[in-house]
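S.K.: Quick check, what structure comes out for this input:
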Amino acid sequence: MLRTAVPQFNEAPNGPEEEINTDVGQPVGNEDLRQLKIQLHQQLVVNMDMGALAAMTKEELQLEVRRVADELCQRSSRLLSANERACLVREVLDETFGLGPLQPLMNDPNVSDILINGPNTVYVERNGQMQRVNVAFNDAFHLLHIIQRIVGQAGRRVDAANPMVDSRLPDGSRVNAIIPPLALDGALVSIRRFSIKPIQAADLITNKSATAEIMDFLAACVRARVNILISGGTGSGKTTLLNALSAFIPEEERVITIEDAAELRLLQSHVGRLETRPNNVEGFGEVTTRELVRNALRMRPDRIIVGECRGAEALDMLQAMNTGHEGSLSTVHANDTREALSRLEIMVGMAGFDLPIWVIRRQIASAIHIIIQVSRLLGGERKIVKVSEVSGIEGENFLMQDIFAFKQTGVDKERRAHGCFHVTGIRPRCLERLAVLGTPLSPELFERRILAPVITATEVA
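M.R.: Residues are numbered from 1 along each chain as shown. Sure thing, here's the model as predicted:
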């Protein structure tokens, strides 16, 4: 038998290795299978030859691990059925090459969020609905080991000195983890998943997150280099919408993206991706969003996309929008389009400059043209609930006008929100700009009316 090497990912923290129990002649239960999986993984590590790892590809290594694991399972044939052996081997492979108990959830395209509350409690969001799943870790050490593997892939760390971490998986999924002693009942992990295929404008229309009229207007704004701010709460779909709108940026333009955890997947070829960096073990080396925004201005960008404005970088982003980098996009946490402007005021104040409030407001009013409010409604549906235009400032107040809006009219029997999109009847001031820059829209698009709901294939069936 060829002896290969695998990463020692789930070794027991204490005690000697144990042989797989083959003396019991009764069918096994779930707890027995769990213990067998632990013992099988330990025996698999013992049977691997570290010297052979360099000579094998990942695919060859996976095949050999499967063969060795299956051979070890044969020793317990009196205990396991064929289906149980296959399940056990698959779980061992997930433990060795994947994310252990989380791997089946990561393979499920319908899972959008994974929430872990300690080693024995896991919730997922499927199709907008939160539900608990029958997934558990061996113990707190096992869960911590999984977390360390996740954050290690992105060069981050989590330990007693650094108990909180933001990271991402290779597929772009965003991960936040916080471990004891800050988490009292075991490590807390939140994984925000992203689909392999980026969601496009057509998908937003099909999912009834927006209408064709709204997306036509927003597409024209992006092509005409209108500065856009996307506002919304956590999990409302800000990054998804930002990614969808970025598809309308012309191919010939140079785009620089700046994020805390790289989530955007732009389809253009001329894209420079920047990501912030936390302090290293010695407490040095941090690179903030604000520093990356400043550096991006020296990289000859046509547009700058800031994944999310959270602090002092808001001032540098506004200055970039006002000094030749029109068509830039960003997101911000807020519950309404007008509140988003107030949030910007606060973040600009965090920059450390003693600027009068009227100067800050004029900067904001001249830099931000369109604000899009997205929301996660009751039942899990995410929608564009308002598209507003910033038309200037009068006294101490911003002049804003709503162009499109979604009005919720109630909930159905399944506690899902329903309503309709409507056009307010206000013609945006940027129409002339759109026409001059080659993306004209008919004035009839903005006539006051209720927009017909989109009928999905499921409803037709």
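
S.K.: From R265, how far out is the nearest residue to V158 once chain neighbours are set aside?
M.R.: Nearest residue to V158, sequence neighbours excluded (Cβ to Cβ, 6 or more residues apart in numbering): V165, at 4.5 Å. C-beta coordinates here come from the backbone N, C-alpha and C atoms, glycine included. With the distance defined as Cβ to Cβ, to the nearest Å, V165 ends up 23 Å from R265.

S.K.: what does A140 give?
M.R.: For A140 relative to R265 (Cβ to Cβ), the value is 34 Å.

S.K.: And those two? Which one has more around it.
M.R.: More neighbours surround R265 than the other of A140 and R265, with 19 against 16 (other Cβ atoms under 10 Å).

S.K.: what ranges do the helices span in the stretch 251-400 of the chain?
M.R.: Taking DSSP state H, counting those that start in this stretch, the helices of the stretch 251-400 of the chain run over residues 289-296, 313-322, 337-349, 357-367.

S.K.: JSON lines please, covering those helices and showing mean neighbour count.
M.R.: Shown next, in JSON lines, are these (neighbours: other Cβ atoms under 10 Å):
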{"stretch": "helix 289-296", "mean neighbour count": "19"}
{"stretch": "helix 313-322", "mean neighbour count": "23"}
{"stretch": "helix 337-349", "mean neighbour count": "19"}
{"stretch": "helix 357-367", "mean neighbour count": "17"}
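
S.K.: could those be laid out in a markdown table, adding mean pLDDT?
M.R.: Below are these laid out as a markdown table (pLDDT from 0 to 100):
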| stretch | mean pLDDT |
| --- | --- |
| helix 289-296 | 91 |
| helix 313-322 | 89 |
| helix 337-349 | 92 |
| helix 357-367 | 91 |
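
S.K.: Nearest to S209 among the ones you listed would be which one?
M.R.: Judged by Cβ to Cβ, the one of those that comes nearest to S209 is helix 337-349, at 16.9 Å.

S.K.: got the angle between that closest one and helix 357-367?
M.R.: 120 degrees (axes from the mean of the first three to the mean of the last three Cα atoms, to 10 degrees).

S.K.: which helices and strands sit right next to helix 337-349?
M.R.: Using 3 or more Cβ pairs under 8 Å, 6 or more residues apart in numbering; DSSP states H and E, the elements in contact with helix 337-349 are strand 228-232, helix 313-322, strand 329-333, helix 357-367, strand 370-376, strand 382-394, strand 397-411.

S.K.: Please save the CA atoms from that helix in CSV.
M.R.: Extracted C-alpha coordinates of helix 337-349, given in CSV (Å, rounded to 0.1, in the frame of the first residue of the first chain):
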residue,chain,number,x,y,z
THR,A,337,-31.3,57.3,1.9
ARG,A,338,-31.4,60.5,3.9
GLU,A,339,-29.9,58.8,6.9
ALA,A,340,-27.0,57.6,4.7
LEU,A,341,-26.0,61.2,4.1
SER,A,342,-26.0,61.8,7.9
ARG,A,343,-23.8,58.8,8.3
LEU,A,344,-21.4,60.2,5.8
GLU,A,345,-21.2,63.4,7.8
ILE,A,346,-20.3,61.5,10.9
MET,A,347,-17.6,59.5,9.1
VAL,A,348,-16.0,62.5,7.5
GLY,A,349,-15.8,64.0,11.0
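
S.K.: From the rest of the structure, what touches it?
M.R.: 229, 231, 309-315, 318, 332-334, 355, 357, 360-361, 363-364, 368, 371-373, 386, 388, 390, 398, 400, 402 (Cβ atoms under 8 Å, 6 or more residues apart in numbering).

S.K.: if I pick the residue nearest to V158, what's in contact with it?
M.R.: If you count contacts by Cβ under 8 Å, 6+ apart, V165 has them with 151, 156-158, 175-178, 278.

S.K.: Thank you kindly, that will do.
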